[in-house]
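Novice: kindly return the folded structure for what I paste below:
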Amino acid sequence: MRLGRLVLLVALLGLTSCAPEVRSEDGPPQAPRYGAPIPSAPRDVRPYSDDPCAGPLDAAMWESLGFSERGLRRSLPTREVVCRREGPNRERFVSFIVVPGRDVLVDTYRVRQFALFAPMTVGGLPATREQASPESLSCSVTVGTAEGQGFIVNFDSASIGSSGEAQNPCRLGQQVAERIVASLPPLPGK
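Specialist: Alright, predicted model coming up:
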């Protein structure tokens, strides 16, 4: 019985030590960032967390990017809300996911879900792009808008472009993310 409790205690201690706190000289301990930069000019994406289909881009902006003016709003199991739009003839899709209550950029750096992971900036904010392979027709662009918030643009191309070559889903996803960042208000108090 004691051996079982000891094993349980060691396991619990191991779990609590997986993400050590980072000590700051100036204040309280901070959570580790796993290499994710802190946005130097934070923007506020939280106003769009209840309905990302209602903003920050209006219907005309979505149309200029080649997507339907109306999006399909869905709640995710993570409690975030996604807006999915499609291009002409359903040849491409984009999802805009607002993440208002956790640092999605830190999560992306920590997990690195896909084989291709590349840090970048979008509209002056720290971001990443991820793909399963260089030939993939999908790309995820994650943008840290401020500490503890951000958004994800998932771009999916359902077909090969008219030239017979695959469209560049990361370039197109980044274009969408840049438009979104340009439309976000500054973080209050910053």
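
Novice: residue 155 and residue 168: what is the separation?
Specialist: Distance, residue 155 to residue 168, using CB to CB, to the nearest Å: 9 Å. Where C-beta positions appear, they are placed from N, C-alpha and C, glycine not excepted.

Novice: scratch that, residue 135
Specialist: In terms of CB to CB, residue 135 sits 11 Å off from residue 168.

Novice: which of the two has more neighbours?
Specialist: Under the criterion of other CB atoms under 10 Å, the comparison of residue 135 against residue 168 puts residue 168 first, with 15 against 7.

Novice: tell me if I am right that residue 108 is in a helix.
Specialist: Yes. Assessed by DSSP: H, G, I helix; E, B strand; the rest coil, residue 108 belongs to a helix.

Novice: show me how far the helix or strand containing residue 130 is from its chain's centre.
Specialist: Secondary structure assigned from DSSP states H and E places residue 130 in strand 125-131. Put simply, strand 125-131 sits 8 Å off its chain's centre (CA atoms, centre = their mean, to the nearest Å).

Novice: can you check stretch 75-95 too?
Specialist: That offset, for stretch 75-95, works out to 13 Å (CA atoms, centre = their mean).

Novice: what residues of that stretch count as buried?
Specialist: Residues of stretch 75-95 classed as buried: 80-87, 91-95 (neighbour count, 16 or more other CB atoms under 10 Å).

Novice: out of those, who's nearest residue 47?
Specialist: residue 81 (12.4 Å; CB to CB).
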